[in-house]
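> pasted the sequence and its predicted model underneath.
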Amino acid sequence: MTPAARLAAAIDLLDVILSAARDNGPPADRLVNDYFRARRYAGSKDRRAIQDQVFDTLRHAVSLSERLAAVGLAATGRTLALCALDDAETADAEGSGNAALFAGPHATHAPDAAEAAALAAARALPADRLSATARLECPAWLADHLDLDAAAPVLAALVGRAPLDLRVNTLKAEPEAVRAALAEQGVTAVPVAGTATALRVDPPVSLHQSPLMRDGAVEVQDANAQRACALAAAAPGETVIDLCAGAGGKTLALAAAMANEGRLWAVDIAPQRLKTLARRAAIAGVTVAETVALPATGKPRLRWLGAHAETADLVLADVPCSGTGTWRRSPELRLRLDAEWLDELRQRQARLLDEAAALVKPGGRLVYATCSILAGENDAQIAAFLDRRPDFALADPAGGPHAWTPDADGGDGFFAALLVRCPADA
Ligand SMILES: C[S@@+](CC[C@H](N)C(=O)[O-])C[C@H]1O[C@@H](n2cnc3c(N)ncnc32)[C@H](O)[C@@H]1O
């Protein structure tokens with residue numbers, strides 16, 4: 001593809017992603033996959049270049065939008081992409097280069113003289129003229145929900161690209177053997193300190209064709225998500241309920257920790273995700289997990305929850321959340337979230353926490369987890385829960401809940417609290 005065709009594709013994709021973000025449509029990575037599935041003529045290098053351009057633009061969409069607004073331009077896929085061009089490309093966009101970026105059928109994307117001047121002014125705006133939130137690529141309204149000064153290092157790290165973290169599936173392989181096998185494929189994977197199963201490949205490479213992936217010896221899973229699972233300390237023979245199992249990232253980790261012994265219920269409201277879970281479980285050699293699709297409300301849900309009340313040694317509530325900790329991987333989430341949705345999420349999280357607690361047997365454990373960096377979804381939920389349920393306590397009150405962050409730990413922003421229910425005779 002020519003540079004002009006790549007830019008045009010990036011603009012098309014940005015428009016599709018922005019409109020999905022506005023209308024609660026599919027996530028960016030799915031839209032990118034769909035886009036290229038319909039355009040088989042794009043080679044892998046083209047795809048990589050277009051994808052990088054799209055995601056880099058989305059990572060800076062908050063500041064780019066503010067720059068565009070400052071010169072009176074609306075933020076669209078096209079203006080965002082043009083505003084994000086670097087110096088060499090800018091010469092082209094302004095017509096002083098060879099205009100290769102707008103050649104042939106892609107001339108429609110070329111700015112006219114007035115727009116080119118406005119874009120140049122937007123690009124030249126010094127960073128210290130941007131708002132404090134835009135400098136950190138954080139939507140302005142979120143300043144009411146976090147301490148901007150304290151969160152600045154985390155927000156800054158969330159603008160970067162995520163590494164590729166792998167979880168070694170101990171049902172199939174040992175970390176050292178996996179490292180050696182990866183090294184034979186020319187891939188350097190480094191153990192992540194403080195975890196037993198996480199290997200980091202940084203910068204990321206595609207391992208989809210790797211036999212290790214195909215045979216289920218490794219899974220892609222962020223190291224901090226693995227830390228949350230490790231905190232749960234699922235053990236062989238236990239009864240475990242993964243209440244928001246989704247496509248099973250954590251279910252598979254729990255099953256490995258249980259060495260496939262005991263009972264592991266994987267519950268979700270999305271049957272399609274549970275189907276993916278079952279497929280992944282088969283590849284990973286997980287035999288202990290049983291999927292349960294429940295509606296979000298209503299009698300069948302109450303019936304299942306009632307039948308399993310106070311039966312679990314461990315319940316994991318990996319609740320739906322803002323995903324603010326995953327902005328490196330899903331930068332469009334910044335544009336998706338609004339105050340109303342955040343409020344709705346928080347109510348849902350509190351309800352799920354209460355449902356999860358009702359499943360825990362006396363003396364059992366409850367892990368509440370999010371991939372959010374917002375206190376309202378994290379510490380505040382735990383504090384309110386402990387007020388509602390005085391029969392639960394933080395397992396490690398001195399350490400409190402855990403908040404792992406990309407600046408400190410390299411992985412996604414992740415929060416997990418381990419709560420223990422008082423034994424029956426306490
Ligand atoms: C953060 S995701 C879970 C990710 C998953 N645990 C993993 O590790 O891959 C949250 C999940 O909660 C599910 N969910 C939302 N509301 C639910 C409810 N009322 N009961 C059960 N699951 C729910 C969503 O469908 C979504 O799959």
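Received, thanks.

> average pLDDT for stretch 305-321?
For stretch 305-321, mean pLDDT rounds to 98.

> ranges for the strands of the stretch 101-250 of the chain?
164-168, 190-191, 198-201, 218-220, 239-242 (DSSP state E, counting those that start in this stretch).

> contact residues of the chain facing the ligand?
243-250, 267-270, 273, 296, 318, 320, 352 (Cβ under 6 Å from any ligand atom). (C-beta placed from N, C-alpha, C; glycine too.)

> just to revisit the earlier point, TSV for the strands of the stretch 101-250 of the chain, including mean pLDDT and mean neighbour count?
As requested, these are exported to TSV (pLDDT from 0 to 100; neighbours: other Cβ atoms under 10 Å):
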stretch	mean pLDDT	mean neighbour count
strand 164-168	97	25
strand 190-191	96	14
strand 198-201	96	21
strand 218-220	96	20
strand 239-242	98	26
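
> quick check: which of those is nearest to Asp412?
Across these, Asp412 has its closest neighbour in strand 164-168 (8.7 Å, Cβ to Cβ).

> columns distance to Leu125 on top of the strands of the stretch 101-250 of the chain, output as CSV?
Formatted as CSV, these follow (distance: least, Cβ to Cβ, whole Å):
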stretch, distance to Leu125
strand 164-168, 34
strand 190-191, 39
strand 198-201, 36
strand 218-220, 38
strand 239-242, 47
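
> low-scoring stretches of this protein, by residue?
Counting by pLDDT under 70, the chain has low-confidence residues at 87-99, 397-398, 425-426.

> per-domain residue ranges of it.
Using automatic domain parsing, the domain parsing of the chain gives 3-130, 164-220, 231-421.

> so for Leu142, which of those domains sits nearest?
That would be, of the domains of the chain and by Cβ to Cβ, domain 231-421, which comes in at 7.6 Å.

> about what we covered before: tell me which of the domains of the chain sits most buried.
Of these, the one with the most neighbours on average (mean count of other Cβ atoms under 10 Å) is domain 231-421, at a mean of 19.

> just how off-centre is that one within its chain?
15 Å (Cα atoms, centre = their mean, to the nearest Å).

> next: stretch 137-145.
Distance, centroid of stretch 137-145 to centroid of chain: 18 Å (Cα atoms, centre = their mean).

> ends of it, how far apart?
End-to-end span of stretch 137-145 (Cα to Cα, to the nearest Å): 15 Å.

> list the buried residues of that stretch.
For stretch 137-145, a neighbour-count test (16 or more other Cβ atoms under 10 Å) marks Glu137, Cys138, Pro139, Leu142, His145 as buried.

> so what touches that stretch?
59-63, 131-134, 146, 148, 151, 155, 158-159, 324, 327, 334-335, 337-339, 342, 374-376 (Cβ atoms under 8 Å, 6 or more residues apart in numbering).

> what does stretch 72-83 contact?
When contacts are defined by Cβ under 8 Å, 6+ apart, stretch 72-83 is touched by residues 7, 10-18, 53, 57, 61, 64-65, 67-69, 93, 109, 111, 115, 118-119, 122-123.

> which residues touch the residue lying closest to Asp128 once chain neighbours are set aside?
Nearest residue to Asp128, sequence neighbours excluded (Cβ to Cβ, 6 or more residues apart in numbering): Arg135, at 8.0 Å. Going by Cβ under 8 Å, 6+ apart, Arg135 touches Ser63, Ala127, Asp128.

> what's the distance between Arg135 and the ligand?
Here Arg135 is placed at a distance of 29 Å from the ligand (Cβ to the nearest ligand atom, to the nearest Å).

> now that residue: how far from Ala181?
Distance of Arg135 to Ala181, given as Cβ to Cβ, to the nearest Å: 43 Å.

> same thing with Ala369?
30 Å.

> show me what the strand or helix carrying Glu355 is in contact with.
When elements are assigned from DSSP states H and E, Glu355 belongs to helix 339-359. Under the contact criterion Cβ under 8 Å, 6+ apart, helix 339-359 has outside partners 141, 144-145, 241, 243-244, 305, 308-312, 315-317, 319-322, 366, 368, 370, 374, 376-377, 381, 384-385, 388-389, 392, 419, 421.
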